[in-house]
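> Just to be clear, the model below is a prediction. Sequence and coordinates:
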Amino acid sequence: MPVMLGRTAAHPLLVGLEEGPVRGIRRRGVRLWRGIPYAAAPAGALRFRAPRPSPSWNDVRDASAFGPVAPQKRRGQFIGAADHLPRSEDCLTVNVIAPDETAGASHAGPRPVMVFIHGGAYSVGSSQEYPRQGEQLVRRHGIVYVSLNYRLGALGWLDFRAYGVPGHPFEANLGLRDQIAALGWVRRNIRAFGGDPDRVTLFGESAGANSVTTLMTVPAAEGLFSRAIAQSAPANAVYLPETAASWAREYVGILSKLVDDDDLESESTDAAGTMLLGADPMLLAEATTRLTVRTPDENPGTISLAPVIDGEFLPHRPLDAFRDGTAHRVPLIIGTNDREGSLFEGRIDILPTTKPRIRAIFTNTRKKARKAIKAQYPGLPERRAAADFAGDFTFWFPSVKAAERHSRFAPVFFYRFDAAPRTARLLGLDATHGLELFALFEKFDTPVGTALTLLGGRRMFRAVGRRMQAHWAALAASGAPLPDWPRYDERDRRTLIFDDTDHVVLDPRREKRLAWQAFVPHV
């Protein structure tokens, strides 16, 4: 158990953890601790290995600043962390935000905990993208908020098990393993911050939501969280070992050219493993970008940075685990945005939006079913129809399948986010992928948040976000959102629509859902 150093009016920022004492800061009516290691630096002898326990310390550790972000490019396929932010393999840190409990204002009993996993296609992002993220939830609803960094790119999401060197076997699913290590840290230490380890809600968006739905099926995650929220989860972006192995081989070829080792193809896997171990992390990030920009056309409808069904740590495809009832039976909020696919154009054109890509994902689907699905998107593959088709394929339909299957064994609450400020409507984005984060976390002081509401709609958008906050916090506290949100089941499929005025709809987009039911995944 953590040693309780503070949690008093005299020393509310000094906290004793299992690893050692930390001192946080007070800002904007909350207490913050940043950059706390939850595992050892996965570099050198620990590269491509499961996370190891963090070394302990004796002196009080300053926890006022975020830790380094995972190695990533600023200008790759996606916009990564700002150039001025330090990058390091020593990135496995957590941040905690707790209410400012001053004398006479303490809370009776431990508080619910919400652990957020950031998105970014497993290639970019960090827990400090928006430094104030989570503060509104803490101030308004009295929860304890935790965010974390995890390994990205090739260091966390490619399967290099075939390239381990003698005495140094490589492991798979390292990013997921990092997240479990962080959840283990929460389990051991969160009481020191006033949190309840038995009321931990795991939530995330996009790749972070894929982590949530996947961790719900990982045996090692059992007991580490008791509720889950998946926002825009590509829940089926989890692949078989042979598919993951092909990406690893392609990556090794790309990296060998970057290190000017064209003869590597004729050498042993040990030589490739040595190259992987010795490469600069930013060179690994460059090779990652070169791989991921190829994937949408070489392997349409897939994401090369993703969990792999290794048969041990991740034994089954998550959607199969939801079907079979072997997923952790925790309450789940899951949903998507109205037009997920409209964001993915230009540089981030990664979804199946072209004729060849669409044809490829229908490889295993019968002709009659293909025609029925395409009929739901008049004009396909024209721009708007293609964006909606690709967004539904990637995010909406997998989320529907996860919801309907999990609802047989545990409470599920399904939503669709339709709210969009006027600027988003004028740009043709509407309620696109990631938009709900600006409402949920009230990110109106960011450049994008300001631009989105420049032509009006901020008051509406803020109100929608605060209603989301209330539901999210209610789930964290009690295991269910507020009473006006009914449970989802396969008969009625009651779905909460977040919009100017929230409302419940029975089986929205029923015709689309029925058409997609006959779809057979191509990988």
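Right, received. Where do you want to start? Please read these numbers as outputs of a predicted model, since none were measured by experiment.
> From now on I want contacts and neighbour counts done on CA atoms only, so please keep to that.
Will do.
> Return the residues in contact with residue 258.
By CA atoms under 8 Å, 6 or more residues apart in numbering, the contact set of residue 258 is 283, 287.
> how far away is it from residue 101?
Counting by CA to CA, to the nearest Å, the separation of residue 258 from residue 101 is 53 Å.
> again, but for residue 402
Taking CA to CA, one finds residue 402 at 39 Å from residue 101.
> so where does residue 113 fall, helix or strand?
strand 111-117 (DSSP states H and E).
> If you tally nearby residues, what's the number for residue 326?
Residues contacting residue 326 under the criterion other CA atoms under 10 Å number 17.
> which SS state does it fall under?
coil (DSSP: H, G, I helix; E, B strand; the rest coil).
> shouldn't it be in contact with residue 215?
No. If you go by CA atoms under 8 Å, residue 326 and residue 215 don't touch, sitting 11.8 Å apart.
> between residue 402 and residue 101, who's got more neighbours?
Higher neighbour count among residue 402 and residue 101: residue 402, with 24 against 17, using other CA under 10 Å.
> what does the helix or strand harbouring the more buried one rub up against?
Here residue 402 sits within helix 397-406, counting by DSSP H and E. With contact meaning CA under 8 Å, 6+ apart, helix 397-406 is reached by 232-236, 319, 322-323, 325, 327, 329, 334-336, 412-414, 488-490, 513, 516.
> what bridges to residue 37?
residue 93 (DSSP bridges).
> quick one on the thing from earlier: keeping just the C-alphas, turn the helix holding residue 402 into PDB.
Output of helix 397-406 as PDB, limited to C-alpha atoms (Å, rounded to 0.1, in the frame of the first residue of the first chain):
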ATOM      1  CA  PHE A 397     -20.600  -0.900 -37.700                       C
ATOM      2  CA  PRO A 398     -17.800  -2.400 -35.500                       C
ATOM      3  CA  SER A 399     -19.100  -0.400 -32.600                       C
ATOM      4  CA  VAL A 400     -22.700  -1.700 -33.200                       C
ATOM      5  CA  LYS A 401     -21.400  -5.200 -33.200                       C
ATOM      6  CA  ALA A 402     -19.400  -4.700 -30.000                       C
ATOM      7  CA  ALA A 403     -22.500  -3.100 -28.300                       C
ATOM      8  CA  GLU A 404     -25.000  -5.800 -29.400                       C
ATOM      9  CA  ARG A 405     -22.800  -8.700 -28.400                       C
ATOM     10  CA  HIS A 406     -21.600  -7.200 -25.100                       C
END
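> re earlier: can you list the residues that contact the helix or strand that the strand holding residue 113 is followed by?
Going down the chain from strand 111-117, the next helix or strand is helix 135-141, by DSSP H and E. Applying CA under 8 Å, 6+ apart, the external contacts of helix 135-141 come out as 29-30, 97-99, 143-145, 441-442, 469-470, 473.
> go again using 6 Å as the cut-off
Contacting residues not belonging to helix 135-141 are listed as residue 99 [CA atoms under 6 Å, 6 or more residues apart in numbering].
> Toward the C-terminus, what is the element adjacent to it?
Heading C-terminal from helix 135-141 (DSSP H and E), you reach strand 144-148.
> returning to what we had before: PyMOL command for the buried members of the contacts of helix 397-406?
Only the buried entries of the contacts of helix 397-406 go into this PyMOL selection, using 16 or more other CA atoms under 10 Å:
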select buried, resi 232+233+234+235+236+319+322+323+325+327+329+334+335+336+412+413+414+488+489+513+516
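> Filter the contacts of helix 397-406 down to just the ones in helices.
Per DSSP state H, helices hold the following members of these: 319, 322-323, 513, 516.
> Quick check: neighbours of the strand holding residue 113 in the sheet, parallel or antiparallel?
Its sheet considered, strand 111-117 pairs with strand 144-148 (parallel), strand 195-205 (parallel) by DSSP bridges.
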